[in-house]
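Visitor: here is a sequence together with a model predicted from it:
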Amino acid sequence: MSLITANNLSKIYRTGEIETQALKSLNFEIEPGSFISFIGPSGSGKTTLLNLIGCLDKPTSGTLKVADVLTSKLTRREAAAFRGKNLGFIFQDFNLIPVLTVYENVEYPLLIVQNIPAKERRNRVTSLLKTVGMMDQMNKFPDQISGGQKQRAAVARALVSNPKLVLADEPTANLDSKTAFMVIDIMRKMRDEYGVTFIFSTHDPKIVGEVETLFTLEDGKLTGRSNRKGGSHA
């Protein structure tokens, strides 16, 4: 069964009397455990699509099912609860909270959306910090660690709530090539170990070479899908 199904998915933004059609009748399915990317130039609709999948926005028309839920029918409160239970997010600029340590940043989603006992929180956080190689940095604050370390902490934070799906918007844009490939490898390892689906939105050729399926967007339309093996830098 598909994790994500889009049928005639469209999004129009209105500013006064001006309409901008960001997405035009998209149809696609994404299976559980996928490692995929939406690619295309700026303005092609990539971020809009991630926002719809992430329940941060609603389509103007068409339907989008995520984890068997018709997301357009969710209220704001239901959408927030759905995100907390099912989704993780990784951002280009890391979005770590500067006044929290690495450990506290990773733990934070568990404190705000789920009623999880302290011992289980500690076990989840330390397990993920070990996996991403950040145990020795866990008591540092974001401004005390490198960009690559910040993104590894962000990967751990995205996975701490055991999501079905992680959405990553340009996650390697601020990283050098070596660090970017290291972070991508960590994400693929997480997919293999936990069965999490990863969806990237990117122009970065490093990610394009690593994912297993590419969806191409141009002017809000889905113009292509290609399957590849991934892992080309190895």
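Guide: Sure, I can see it. Residues are numbered from 1 along each chain as shown.
Visitor: list of residues touching the helix or strand bottoming out on mean pLDDT in the chain?
Guide: Least confident element among the helices and strands of the chain, by mean pLDDT, DSSP states H and E: helix 205-208 (a mean of 85). Here helix 205-208 makes contact (Cβ atoms under 8 Å, 6 or more residues apart in numbering) with 37, 39, 171-172, 177, 180-181, 184, 200, 202, 214, 233. (Each C-beta comes from the backbone N, C-alpha and C, glycine too.)
Visitor: sort out which residues of that helix are buried, please.
Guide: By neighbour count on 16 or more other Cβ atoms under 10 Å, the buried set for helix 205-208 is 206-208.
Visitor: same check on stretch 38-55?
Guide: Applying a neighbour-count criterion of 16+ other Cβ under 10 Å, one finds 38-40, 44-55 buried in stretch 38-55.
Visitor: and these, which is closest to Leu129?
Guide: Using Cβ to Cβ, Gly54 comes nearest to Leu129 of the buried residues of stretch 38-55, at 24.3 Å.
Visitor: related to what we said a few turns ago, just checking, which of the buried residues of stretch 38-55 belong to helices?
Guide: 46-53 (DSSP state H).
Visitor: need the residues you listed in JSON lines with pLDDT and distance to Lys130, can you?
Guide: As requested, those are exported to JSON lines (pLDDT from 0 to 100; distance: Cβ to Cβ, whole Å):
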{"residue": "Lys46", "pLDDT": "93", "distance to Lys130": "32"}
{"residue": "Thr47", "pLDDT": "90", "distance to Lys130": "32"}
{"residue": "Thr48", "pLDDT": "94", "distance to Lys130": "36"}
{"residue": "Leu49", "pLDDT": "95", "distance to Lys130": "33"}
{"residue": "Leu50", "pLDDT": "94", "distance to Lys130": "29"}
{"residue": "Asn51", "pLDDT": "94", "distance to Lys130": "32"}
{"residue": "Leu52", "pLDDT": "96", "distance to Lys130": "34"}
{"residue": "Ile53", "pLDDT": "97", "distance to Lys130": "29"}
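Visitor: and the least confident helix or strand of the chain, how far out from the chain middle?
Guide: The chain centroid and the centroid of helix 205-208 are separated by 15 Å, computed with Cα atoms, centre = their mean, to the nearest Å.
Visitor: quick one: list the elements packing against the helix or strand that that helix is followed by.
Guide: Note on helix 205-208: by DSSP states H and E, the next helix or strand toward the C-terminus is strand 213-218. Contacts defined by 3 or more Cβ pairs under 8 Å, 6 or more residues apart in numbering; DSSP states H and E place strand 213-218 against strand 35-39, strand 221-227.
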